[in-house]
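J.: Can you look at this prediction? I've put the sequence above it.
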Amino acid sequence: ILKGQSPLIQLLDNRMKEVFGQLAAEEKLSNGNGGVPLNMRSGIQIATTITTDAPESSFVSLARVKFQQRGLTLYASQLATAAELAVKVGSLAWDLYGDEFLDTIILEALN
C-alpha cells in the first residue's frame, strides 16, 4: 500500500492531482489583477487588529469545497491550503523566470 500500488490510493492520488490542476488553471485565468492584492491596488486598509489566524482566502474556500466534492473531506482544508501555496509558488516562478524559459524554448525550436 505504501508504494502506491493500491487502487484506492491511486484513485485518491488521481483525484487530488485533478483538483490541483483545475484550481491552478482557474486561478491563472481568473487572476486578471496580475497577482496584486486588493489593498495594494485600491488603497483599502485591512483591519488593523492583529490576529493569529488569517482569514481564509476565497481560493482556499473554493478549493476546500472542490476537494470535499471529490470525496476528500477528511483532508480538504489541508489540501486547499497546499493547493493555494502550490499555485502561489508556480505563479511566482513563472513571473520571475517565465521569459527566460520561453526564450530558451523558442531559440531551441529555431535551431
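T.: Noted; the coordinates are in hand.
J.: Quick one: residues contacting the residue most central in space within the chain.
T.: Nearest to the centroid of the C-alpha atoms of the chain, with distances taken as CA atoms, centre = their mean, sits V87, at 2.9 Å. Shown in contact with V87 (CB atoms under 8 Å, 6 or more residues apart in numbering): 23-24, 27-28, 59. Where you see a C-beta, it was placed from the backbone N, CA and C, and this is true even at glycine.
J.: and the least confident of those residues?
T.: Lowest pLDDT within these is found at K28 (65).
J.: Name the SS class of the spatially closest residue to G71 that is not a sequence neighbour, please.
T.: Nearest residue to G71 in three dimensions, chain neighbours excluded: R15, at 6.8 Å (CB to CB, 6 or more residues apart in numbering). Three-state call for R15 (DSSP: H, G, I helix; E, B strand; the rest coil): helix.
J.: circling back: quick one: which of the contacts of V87 is nearest to T73?
T.: L23 (16.5 Å; CB to CB).
J.: and the lengthiest helix in the chain, which residues are buried?
T.: With secondary structure taken from DSSP state H, the chain has its longest helix at helix 76-110. Neighbour counts over helix 76-110 (16 or more other CB atoms under 10 Å) mark 76, 79-84, 87, 91 as buried.
J.: quick one on the thing from earlier: just the ones of the contacts of V87 in helices?
T.: Using DSSP H, the contacts of V87 in helices are 23-24, 27-28, 59.
J.: any low-confidence regions in this protein?
T.: Applying pLDDT under 70 to the chain flags residues 1-4, 28-54.
J.: How about E27: what's its closest non-neighbour residue?
T.: For E27, the closest residue by CB to CB, 6+ apart turns out to be V87, at 5.0 Å.
J.: I'd like to know how many residues surround R64.
T.: 20 (other CB atoms under 10 Å).
J.: Pull whichever strand or helix holds it out as PDB, backbone CA atoms only.
T.: R64 belongs to helix 58-69 when assigned by DSSP states H and E. Output of helix 58-69 as PDB, limited to C-alpha atoms (Å, rounded to 0.1, in the frame of the first residue of the first chain):
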ATOM      1  CA  SER A  58     -11.600  32.900  -1.500                       C
ATOM      2  CA  PHE A  59      -9.200  30.500  -3.200                       C
ATOM      3  CA  VAL A  60      -8.900  28.300  -0.200                       C
ATOM      4  CA  SER A  61     -12.700  28.300   0.300                       C
ATOM      5  CA  LEU A  62     -13.300  27.300  -3.300                       C
ATOM      6  CA  ALA A  63     -10.600  24.600  -3.100                       C
ATOM      7  CA  ARG A  64     -11.900  23.200   0.100                       C
ATOM      8  CA  VAL A  65     -15.400  22.800  -1.500                       C
ATOM      9  CA  LYS A  66     -13.900  21.200  -4.600                       C
ATOM     10  CA  PHE A  67     -11.900  18.700  -2.500                       C
ATOM     11  CA  GLN A  68     -15.000  17.900  -0.500                       C
ATOM     12  CA  GLN A  69     -17.000  17.300  -3.700                       C
END
